[in-house]
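Enquirer: Structure for the following, please:
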Amino acid sequence: MNYSGLIDSLLKEKLISNQVSVIEIREILTEISEVITSGLQGAICEFGCYAGTTSLFISKFLEKSQTNKKLYVYDSFEGLPEKGSKDSSSVGIEFKPGELKFSKKDFINNYKKARVRLPIINKSWFSDLRDADLPPKVALAFLDGDYYSSVLDPLNLIKDELEVGSVVIVDDYLNPKLPGASRALDEWVKINKIKHKLRIVSDMAILKLQ
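Expert: As a prediction, this is how the structure comes out:
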C-alpha cells in the first residue's frame, strides 16, 4: 500500500483544533505506517486526546490502511490537572487547572460527525490507570500530557508492553512553556536504561526502542 499517498490525502482535511500541527500529524502517521510495515505487533495508544484531532487522523489512517491495529485513547476529559514542581516555567503561566477541558461526549460527537468508527476510550486521570486498561502490547504510543507526571505516569504504565521497534512520541518535548514533558521522558529513559534512537520533529520527541 502507498502509505505516503494515503497520508497526503488525509492531510488535505481540516484540523478541528489548533493543539497539533499538520507537520506533527504527518510524523505520527508516518511512524504508524512504519510500525505496520515492520509487522510489529501491538496497538496504538494516545494519552491526552483533547477534541480528537490527532485521534481522528489516526483512526482514519488505520481504517483506510486496512490494518488490524486498534487505537486506544486515554483522557480525563477534565482539562489540565494542577502543575507539579517540575512543570514550573516563567513563560508557561497561562496553563491553569481545567484548561483545555473537552468532554467525552463532545469527543464522541466529533467522531460521529466524521463518520469514523470510535476508538477504545478510557476516561481516567493517567495516575489512576492500571495494567488492565492497556492492550497486551503497544506498538506506538503518543503522549500529549503536557505536564511531568502526566507524561511520566503513562511511560511507566506502558514500559512492559513495549518491545524492540516500538515507538514512543512525546509532544511538547522542546516547548519551554511545558518543561515537564522533556524532564519526564529524559528521566524515564535514564532510570530504565532504555536503548533507543531519538529524533526531534517540531517540538516532538520520537523515540524508537532498540
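
Enquirer: Where does Ile44 sit: helix, strand or coil?
Expert: Assigned by DSSP: H, G, I helix; E, B strand; the rest coil, the conformation of Ile44 is strand.

Enquirer: and it, what pLDDT?
Expert: Listed pLDDT for Ile44 reads 98.

Enquirer: ok, it touching Leu71?
Expert: Yes. The pair Ile44 / Leu71 is scored as a contact, 4.9 Å apart, by Cβ atoms under 8 Å. C-beta: built from backbone N, CA, C; applies to glycine.

Enquirer: which regions of this structure lie under the pLDDT threshold?
Expert: The chain contains residues with pLDDT under 70 at 92.

Enquirer: could you redo the last one with a cut-off of 90?
Expert: For the chain, the stretches with pLDDT under 90 are 1, 18-19, 82-83, 85, 88-100.

Enquirer: re earlier: what residues are shared contacts of Ile44 and Leu71?
Expert: Jointly contacting Ile44 and Leu71 under the rule Cβ atoms under 8 Å, 6 or more residues apart in numbering are Ile58, Leu62.

Enquirer: Any idea what the residue nearest the centre of the chain is bridged to?
Expert: Residue closest to the average C-alpha location in the chain (Cα atoms, centre = their mean): Phe142, at 2.2 Å. Phe142 has these beta-bridge partners by DSSP bridges: Glu46, Ile169.

Enquirer: Setting aside sequence neighbours, what's the nearest residue to Pro179?
Expert: Leaving aside its chain neighbours, Pro179 sits nearest to Ser89 (5.2 Å; criterion: Cβ to Cβ, 6 or more residues apart in numbering).

Enquirer: burial count for the one you found?
Expert: Look at Ser89: counted by other Cβ atoms under 10 Å, it has 15 neighbours.

Enquirer: Pretty sure the residue nearest to the centre of the chain sits against Cys49.
Expert: No. Using Cβ under 8 Å, Phe142 is not in contact with Cys49; the gap is 9.1 Å.

Enquirer: Leu100: what's it in contact with?
Expert: Applying Cβ under 8 Å, 6+ apart to Leu100 gives the contacts Gln19, Tyr50, Gly79, Leu80.

Enquirer: Isn't the last one up against Lys96?
Expert: What it means is Leu80. Yes. Applying Cβ under 8 Å, one finds Leu80 in contact with Lys96, separated by 6.9 Å.

Enquirer: So between these two, which is more surrounded?
Expert: The neighbour comparison of Leu80 against Lys96 (other Cβ under 10 Å) goes to Leu80, with 19 against 11.

Enquirer: so who does Val168 touch?
Expert: Leu140, Ala141, Leu143, Leu155, Ile158, Leu162, Leu185, Ile206, Leu207, Leu209 are the contacts of Val168 under Cβ under 8 Å, 6+ apart.

Enquirer: Which of those has the largest number of neighbours?
Expert: Most neighbours among the contacts of Val168, by other Cβ under 10 Å: Leu143, with 29 neighbours.
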